[in-house]
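> below: sequence and its predicted model.
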Amino acid sequence: MSQIKSYHRFNKLEANFKTYLIGFVLSLFFTLTAWLITVKKAFNQETIIIIISLAAVIQFVIQLLFFLHLGKESRPRYRLLVFSVMLLIVLILVIGSLWIMANLNHNMTIKQMENYMVQQGNGGI
Amino acid sequence: MNEVDIKTISHKKLLNRIYKAEESKFFETASFGFFVYLMTDLVLFASLFAVYAVLEANTVGGPSGQQIFNLNNVLLETLALLISSFTMGLAILSMKKNHRNKVLGYLVISFLLGLVFLLIEMTEFNHLIAIGDSWRRSGFLSGFFVLVGTHGLHIMVGLIWMAIMFYKILKFGLSRVNIRRLTLLSMFWHFLDIVWIFIFTIVYLYGALGR
């Protein structure tokens, strides 16, 4: 009996039905909004891309908070630490790759590549 | 836990406090390693996202995303996975209230919705391969198949895990070990839903816009 009681008290510290429902409804809202805007092409291209990107980021945060309960742990917050480091790595990885590849494309068009190959005596493309 | 005077606190209360402290510590430490694994998985997906983003424009005569994506199916997949994630959360809540049958019920619902997701994805892949737009066609399709396929593979592992979990809870009830396993499973499942948000947005919605 005492175990059950303390179990319930432990539960209060954590998620309950309400937090899951809030997370679910919000996620549903942002998913449907992004989908509808894209399908109906409600605005011009740039606006749509900005809106659906924002919707994705917001939904990401919502699901981290309400489903994965990030930041609800006791101190020291090792999870938050690991998460921050990983987020940094992810950002470096993705932004860095795109940046480098965009630069490569920028610095060498197909025409340039052909000229370069001819110069090197390898013929054209 | 704060210092307590053993003479003034009742025996029952003391036991409660010890149990509570021990229990919350157990759940946190037991799932921390798994959390770190999920974060490394996030890096895996991030690199595949980077590959996809780099290769996206390289269609070399093959179809672009705009031509092959069926957004109705994608919405169906997204909803199935989202609801599945939600019911998995409900399973965790029932687990904490020690309702074994409810846990089993929610597990079945999550499993079926995950299966719906996987079947729609498989149908999509099958269709693409049948009309000759497999990963061999272009850089874009290679990136697409690897990224979405890796996520699908994770979903498949999650489904197998759920089936095993169902059997274990049916047989051994909500034992301490099973509670821990179910907690990890729910984290895994929520994580896959989180990754899907970005596949949904970056691959399908951006693709459909023909950026």
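Alright, I've got the coordinates. Numbering: from 1, shown residues only, chains lettered A, B, ... in the order given.
> shouldn't A:Gln59 be in contact with A:Thr31?
Yes: using Cβ atoms under 8 Å, A:Gln59 and A:Thr31 qualify as a contacting pair, with a distance of 6.9 Å. All C-beta spots, glycine's among them, are computed from the backbone N, C-alpha and C.
> quick check: neighbours shared by those two?
Shared contacts of A:Gln59 and A:Thr31, defined by Cβ atoms under 8 Å, 6 or more residues apart in numbering or on different chains, comprise B:Ile197.
> show me which of these two is the more surrounded one.
A:Gln59 (26 against 22; other Cβ atoms under 10 Å in any protein chain shown).
> how about the more buried one: what's its closest non-neighbour residue?
Of all residues not flanking A:Gln59 in the chain, A:Phe30 sits nearest, at 4.5 Å (Cβ to Cβ, 6 or more residues apart in numbering or on different chains).
> quick check: buried residues in the helix or strand where the one you found lies?
A:Phe30 is part of helix A:17-40, with elements assigned from DSSP states H and E. Of all the residues in helix A:17-40, those buried under the rule 16 or more other Cβ atoms under 10 Å in any protein chain shown are A:19-20, A:23-24, A:26-28, A:30-31, A:34-35, A:37-38.
> contacting residues for the residue nearest to A:Thr33 when sequence neighbours are not counted?
Nearest residue to A:Thr33, sequence neighbours excluded (Cβ to Cβ, 6+ apart): A:Ala55, at 5.9 Å. Shown in contact with A:Ala55 (Cβ under 8 Å, 6+ apart): A:Phe30, A:Thr31, A:Thr33, A:Ala34, B:Thr201.
> tell me the contacts of A:Val94?
Counted by Cβ under 8 Å, 6+ apart, A:Val94 has contacts B:Ala46, B:Phe49, B:Ala50, B:Ala53.
> and these, which two are furthest apart?
Across those, the longest distance by Cβ to Cβ is 10.4 Å; it joins B:Ala46 and B:Ala53.
> all helices of chain A, in order?
For chain A, the helices defined by DSSP state H occupy A:2-13, A:17-40, A:45-66, A:78-107, A:110-119.
> do you know which of those helices lies nearest B:Val60?
Closest approach to B:Val60 among the helices of chain A (Cβ to Cβ): helix A:110-119, 12.0 Å.
> domains in chain A, by residue range?
The record's domain parsing of chain A by automatic domain parsing lists A:1-72, A:75-125.
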